[in-house]
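In: coords please:
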Amino acid sequence: MRSWTASPELGRRGMLLGGLALGGHVALAGCATLPEAAACGPAPAGQRLWLLDAGWHTEIGLPPAALPASLAAIFPDAPLVFFGFGKRDFMLAEARGPAEWLAGPFPGEGAMQVTAWPGPPAGALGLAVSSQGLALLGAALAASFAPGPALPSLALIEARAGRRFYIAARGYSLAYTCNSWTAGMLAAAGLNVSAAGVVLARGVTAQAAGLAQACRATARAPVS
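Out: Model prediction:
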């Protein structure tokens, strides 16, 4: 199973959007060297979330057993399930030219992407969390989806195996991006991460990589 966010095409697309949409101080911060993190072993308390940096877009991964029932049911057999937020028409479309890229930073309706992974991708950050933190994160993730008796799907048939889209509770803007959403989720889990001023992926990962419990996934990182 492959994550859509790992696509080289979308990496180039996102980097172009970031350069067009952001001011100099944010762009420079995005180029800063990340703190080093040791290779991941078993989580100290057996509980860990994963932070994926796709170069322009960040997501949070958890095993289904750590998720609320409504979210765990999306991919119940996947070792890990990653969640990401973004602008709906941009996330659902296949880019065909500069006009679509240029429209990316403008406000629009939001979407939640849910992707099944066979394990933590190499380079992802592992962050140990408490049981209470996992419960709070699960509630925050569930609240990111539009309310209703069932999760409001945007794609009844998966365009690619292991990837689905849903209507988000909030819209996208440069004040509420995929990366500020991720930072907010980490803060909800009780981690010392702030969403204030976060636009680029590095605004999230630089904070997370500096946490004492942070580790870096290798190609054979254990799922915990």
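In: where does this structure dip in pLDDT?
Out: Within the chain, the stretches with pLDDT under 70 are 1-35, 43-46, 94-105, 155-160, 219-224.
In: Who are the contact partners of the closest residue to Pro147 other than its chain neighbours?
Out: Closest residue to Pro147 apart from its sequence neighbours, by Cβ to Cβ, 6 or more residues apart in numbering: Ala169 at 6.9 Å. For glycine as for every other residue, the C-beta is placed from the backbone atoms N, C-alpha and C. Residues near Ala169 by Cβ atoms under 8 Å, 6 or more residues apart in numbering: Gly110, Ala143, Ser144, Phe145, Ala146, Pro147.
In: repeat for Cys215
Out: Counting by Cβ under 8 Å, 6+ apart, Cys215 makes contact with Ala37, Ala38, Ala39, Cys40, Gly41, Leu125, Gly126.
In: For Glu36, see how far away the last one is.
Out: As defined by Cβ to Cβ, to the nearest Å, Gly126 lies at a distance of 14 Å from Glu36.
In: So for these two, which residue has more residues nearby?
Out: Legend: neighbour count by other Cβ atoms under 10 Å for Gly126 and Glu36, higher for Gly126 (26 against 9).
In: Quick check, the more buried one in contact with Arg48.
Out: Yes: counting by Cβ atoms under 8 Å, Gly126 does reach Arg48; the two are 4.9 Å apart.
In: Spit out the residues that contact those two alike.
Out: Cys40.
In: you'd agree Ala65 is in a helix?
Out: Yes: secondary structure of Ala65 (DSSP: H, G, I helix; E, B strand; the rest coil): part of a helix.
In: Could you work out the most separated pair of the contacts of Cys215?
Out: Among these, the pair separated by the greatest distance (Cβ to Cβ) is Gly41 and Leu125, at 14.0 Å.
In: Verify the stated contact: Ser86 with Glu109.
Out: Slight slip there: residue 86 is Gly, not Ser. No: at 10.3 Å, Gly86 does not count as touching Glu109 under the criterion of Cβ under 8 Å.
In: quick one: which of those two has more around it?
Out: Neighbours per residue (other Cβ under 10 Å) separate Gly86 from Glu109, with Gly86 holding more: 25 against 14.
In: mind checking how far that one is from Thr205?
Out: Between Gly86 and Thr205 the computed distance is 17 Å (Cβ to Cβ).
In: How about Ala66?
Out: From Ala66 to Thr205 the distance is 21 Å (Cβ to Cβ).
In: what do you get for Ala168?
Out: 22 Å.
In: List the contacts of the residue nearest the centre of the chain.
Out: For the chain, the residue nearest the mean C-alpha position is Glu59 (1.1 Å; Cα atoms, centre = their mean). Residues in contact with Glu59 (Cβ under 8 Å, 6+ apart) are Ser3, Thr5, Leu51, Leu52, Phe82, Phe83, Gly84, Gln113, Thr115, Thr182.
In: Is it within a helix or a strand, and which one?
Out: strand 58-62 (DSSP states H and E).
In: how many other residues sit next to Ala73?
Out: There are 11 residues near Ala73, going by other Cβ under 10 Å.
In: Got phi/psi on it?
Out: Dihedral pair for Ala73: phi -70, psi -10, per degrees, to the nearest 10.
In: how far away is the residue nearest to Ala142 when sequence neighbours are not counted from Ile74?
Out: In this structure, Ala142 finds its nearest non-sequential neighbour in Pro68, 4.9 Å apart by Cβ to Cβ, 6+ apart. Separation of Pro68 from Ile74 (Cβ to Cβ): 11 Å.
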